[in-house]
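Student: dropping a prediction and its sequence here:
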There are 2 protein chains.
Amino acid sequence: MSESFEPISRMTQELSRLPGIGQKTAQRLAYFVASMPLEDVRALAVALWEGRKAIRFCSRCGNYASGELCPVCADPRRQNGQICVVRDPRDVAALERMHDYTGTYHVLHGTLSPMDGVGPDDLNVSSLLTRIQSEPVSEVILATNPDVEGEATASYLSRLLKPLGVRCTRIAHGVPVGGDLEYTDEVTLLKALEGRREV
Amino acid sequence: MSESFEPISRMTQELSRLPGIGQKTAQRLAYFVASMPLEDVRALAVALWEGRKAIRFCSRCGNYASGELCPVCADPRRQNGQICVVRDPRDVAALERMHDYTGTYHVLHGTLSPMDGVGPDDLNVSSLLTRIQSEPVSEVILATNPDVEGEATASYLSRLLKPLGVRCTRIAHGVPVGGDLEYTDEVTLLKALEGRREV
């Protein structure tokens, strides 16, 4: 019956659109929300709606921003001629967690995927070319994911940028720190061997 | 950096209050919400807020209701003198999925738990007594969960109700359909043996 109880079924339906939230989990969450204090549900709904409305994109690099520029582009200490190219704003967040990289970013908002009809024009590429022509760029670090689309995107960008005289680098592939050789796939092992360095 | 991006961190914080949603999952969901179309986020936020606001409780049985009575209590065909006592509205939903039970429910909104300071007065018990005195009740089916609190609550209610001349029954314990004897715990096996029936 309670599935035919409209407020619960509507919450369930909307929650089940989120990634990794199936029908059962969505229903469990809906019942939890139904038992939450009104003010807490209000805070959740407001955080989602106001949060989504507050999402802007940096006019320079495409990262999330509150104003015209994202916090990285707005920081004058980060203008060292390095541009790290990533797929998503969440990749920027992952790299920033290192607290080690001092250059800027460029967010593509996707990767090349001919199967899904995603070509270079669907990505944030033209503004990267503009930046390279207008900023003193010494290096473009291609930090797309080490999967088929990410590799294709990195090699497309390197072919595009090298003729402009820009140094292009690709992040290293290898065995993850804390990983186990026994459970590492062959391609990663091959890359780890190829990328070996003198110690 | 993007964790210090306020809209994302606020969404993450609110989402991580939901059960089974840890910090990492909450962040993943927040990034997903950030990339959703505005209208979809609006639909989600409205479903949660309006849904929560629409939660009322049936004045008779304590189940979720849109009006004065829940759909079960409002259905005159369900007045057959059976009252099935459960802990939560979600238990009502689970039992209704059988499409077999034709009586009404009574939702306790909890179970006795002296450790957590939950006594009989904290549960929806007095209205159950009122119903037994004012409705033609032939049987009270105690369908609290088969755990310590649920068993304690069922035995408390049967001691309370039997002197009123009401027949009290407890749902059967046993091996779940599709289960495996090998992996069934001893207590359940004992209950299954005790509850054996002629075939």
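Tutor: On my side now, so go ahead.
Student: chain neighbours aside, what residue packs nearest to the most centrally placed residue in chain A?
Tutor: Closest to where the C-alpha atoms of chain A average out (Cα atoms, centre = their mean) is A:Asp88, at 2.2 Å. Using Cβ to Cβ, 6 or more residues apart in numbering or on different chains and skipping residues adjacent in sequence, the residue nearest A:Asp88 is A:Val107, 6.7 Å away. Every C-beta, even on glycine, is put in place using the N, C-alpha and C of the backbone.
Student: what about the residue lying closest to A:Val86 once chain neighbours are set aside, distance to A:Asp91?
Tutor: Sequence neighbours aside, A:Ala143 is the residue nearest to A:Val86 in space, at 5.1 Å (criterion: Cβ to Cβ, 6+ apart). The gap separating A:Ala143 from A:Asp91 is 7 Å, by Cβ to Cβ, to the nearest Å.
Student: ditto for A:Ile55
Tutor: From A:Ile55 over to A:Asp91 (counting by Cβ to Cβ), the distance is 16 Å.
Student: the residue nearest to the centre of chain A reaches A:His109, doesn't it?
Tutor: Yes. With contact defined as Cβ atoms under 8 Å, A:Asp88 counts as touching A:His109 (7.1 Å).
Student: secondary structure element for the nearest residue to A:Thr144 once chain neighbours are set aside?
Tutor: Spatial nearest neighbour of A:Thr144, excluding adjacent residues (Cβ to Cβ, 6+ apart): A:Gly150 at 3.6 Å. In the assignment (DSSP states H and E), A:Gly150 maps to helix A:148-161.
Student: equivalent analysis for A:Trp49, please.
Tutor: Going by DSSP H and E, A:Trp49 is part of helix A:38-53.
Student: elements contacting that helix?
Tutor: Helices and strands touching helix A:38-53, by 3 or more Cβ pairs under 8 Å, 6 or more residues apart in numbering or on different chains; DSSP states H and E, are helix B:6-15, helix B:23-35, helix B:38-53.
Student: and the shortest one, what's its mean pLDDT?
Tutor: Looking back up the chat, that one is helix B:6-15. Taken as a whole, helix B:6-15 carries a mean pLDDT of 93.
Student: if you compare the directions of that helix and helix A:23-35, what angle comes out?
Tutor: Orientation of helix B:6-15 against helix A:23-35 (axes from the mean of the first three to the mean of the last three Cα atoms, to 10 degrees) gives an angle of 90 degrees.
Student: can you find the helix or strand in chain A with the smallest mean pLDDT?
Tutor: helix A:186-194 (a mean of 83; mean pLDDT, DSSP states H and E).
Student: could you list the residues in contact with that one?
Tutor: A:His173, A:Gly174, A:Val175, A:Leu181, A:Thr184 (Cβ atoms under 8 Å, 6 or more residues apart in numbering or on different chains).
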